[in-house]
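Novice: next come a sequence and a model predicted from it.
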Protein chains: 2
Amino acid sequence: MITQKMKYALKALLVLADEATRPKPEALTIEEIAKRSGTPKRFLEHILLEVRNAGVIASIRGRSGGYSLIKKPSDVSISELLRTIDGPIAPLPCLSRRAYQRCEDCADEATCRIRKVFAEVFWSYLLIIDSLTLEDMLRSSEAADQVLGA
Amino acid sequence: MITQKMKYALKALLVLADEATRPKPEALTIEEIAKRSGTPKRFLEHILLEVRNAGVIASIRGRSGGYSLIKKPSDVSISELLRTIDGPIAPLPCLSRRAYQRCEDCADEATCRIRKVFAEVFWSYLLIIDSLTLEDMLRSSEAADQVLGA
DNA sequence: CTAAAACACGACAAAGACAGTAGACAAAAC
DNA sequence: GTTTTGTCTACTGTCTTTGTCGTGTTTTAG
């Protein structure tokens, strides 16, 4: 299960991506993003901060400040966002590349049967999710619109 | 990340599966399973109970009691075990078949872009993990042995 | 220059999940 | 009927999740 926080982050990014595609895109305030995405404003602060530190959005301080997307939607990886917001996505700590941790109770990784079987699942899973970007989410709404419009 | 509990469950099942393939298989006590799998005994009680209720193992009470595997390893689904021990495996509650729950804040599932994109990932993921059984774990140890033996 | 509007950051808190532990009970064998 | 084993309920500490609050800092409108 992805966390509520991750859902909020995605909703916020969708709002910002929608804004970015408009003729004259402006930076949106937290207030505005919170309203459009239906997230608690004070919670969204923390989330947007993390997303900004990940280099996906930029913030402008002071009056007439706000947030804006600074990457192309096709360059915003969903799996990277997951890692940023929810932490490691590997099923076992010993399978995570960037958050590797040896399993306390594991005598030998090379022969660990649990590790072995989940490694296979994980690689296949990574193939799928690593190729997913924010653009795929934008596109999927178009598809839904088409269905609804038909 | 799978929980420690799930790891214990898998280790216990591996112990029981190994026992089941021996010439004269016997029911193993919690004590014995705990020792062989490196699990806290009192915690293992809870775990084995859940696994038993899921119909994967059987228990015998009283003196000379214990646990034994009652399914063929090839019939013990890893994903079912995951659902039993760790709960729903869907990334969103609205994507789970057996633990379906409507997302509080979602106005319309049919057009939800988050749901849409995770649904695709999830179906692919299910294809992989639903086909995985305990037998695959047993086999993977043979492969490791071969590599080590070479 | 000052006040207002906005982001930044740390502390705090309630609720739930996770990882066990403990005690009392029930059944079966000897 | 005592011992050995599984069964069941309850409890507990720690960590994570989902926020809220207060206080700062930056920018700009006026």
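Specialist: All right, it came through fine. Residues are numbered from 1 along each chain as shown, chains lettered A, B, ... in the order given.
Novice: what about the spatially closest residue to A:Ile89 that is not a sequence neighbour, which SS state?
Specialist: Excluding the flanking residues, the one nearest A:Ile89 by CB to CB, 6 or more residues apart in numbering or on different chains is A:Leu82, at 5.5 Å. Every C-beta, even on glycine, is put in place using the N, C-alpha and C of the backbone. Judged by DSSP: H, G, I helix; E, B strand; the rest coil, the three-state class of A:Leu82 is helix.
Novice: now A:Arg139
Specialist: Of the three states, A:Arg139 takes helix under three-state DSSP.
Novice: what's stretch A:8-18 in contact with?
Specialist: With contacts defined as CB atoms under 8 Å, 6 or more residues apart in numbering or on different chains, stretch A:8-18 is touched by A:28, A:33, A:36-39, A:43-44, A:47-48, A:50-51, A:56-57, A:67-69, A:73, A:76, A:78, A:81, A:85, A:134, A:137-138, B:113-114.
Novice: so what's the residue nearest to A:Ile89 up against?
Specialist: Counting by CB under 8 Å, 6+ apart, A:Leu82 touches A:2, A:6, A:89, A:129.
Novice: and these as a markdown table, adding secondary structure, pLDDT and distance to DNA strand D?
Specialist: Listed next are these as a markdown table, based on DSSP: H, G, I helix; E, B strand; the rest coil; pLDDT from 0 to 100; distance: CB to the nearest atom of the strand, whole Å:
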| residue | secondary structure | pLDDT | distance to DNA strand D |
| --- | --- | --- | --- |
| A:Ile2 | coil | 97 | 9 |
| A:Met6 | helix | 98 | 7 |
| A:Ile89 | coil | 97 | 12 |
| A:Ile129 | helix | 97 | 18 |
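Novice: what's the most distant pair in those?
Specialist: Greatest spatial distance in the contacts of A:Leu82: A:Met6 and A:Ile129, 12.7 Å, computed using CB to CB.
Novice: can the helix or strand harbouring A:Arg115 be found next to chain B?
Specialist: Per DSSP states H and E, A:Arg115 falls inside helix A:113-129. Yes - using CB under 8 Å from any CB of the partner chain, helix A:113-129 comes into contact with chain B via A:113-114, A:116-118, A:121, A:124-125, A:128-129.
Novice: what does stretch A:47-57 give?
Specialist: No - using CB under 8 Å from any CB, stretch A:47-57 never reaches chain B; the gap is at least 14.5 Å.
Novice: and that stretch, what's buried?
Specialist: A:47-48, A:51, A:54, A:56-57 (16 or more other CB atoms under 10 Å in any protein chain shown).
Novice: picking up where we left off before, what sits up against the helix holding A:Arg115?
Specialist: In contact with helix A:113-129 (CB under 8 Å, 6+ apart) are residues A:78-79, A:82, A:89-92, A:94-95, A:103, A:106, A:109, B:2, B:7, B:10-11, B:14, B:78, B:121, B:124-125, B:128-129, B:132, B:136-138, B:140-141, B:143-144.
Novice: can you say which of those residues are buried?
Specialist: Taking 16+ other CB under 10 Å as the criterion, what is buried in the contacts of helix A:113-129 is A:78-79, A:82, A:89-92, A:94-95, A:103, A:106, B:2, B:7, B:10-11, B:14, B:78, B:121, B:125, B:128-129, B:132, B:136-138, B:140-141, B:144.
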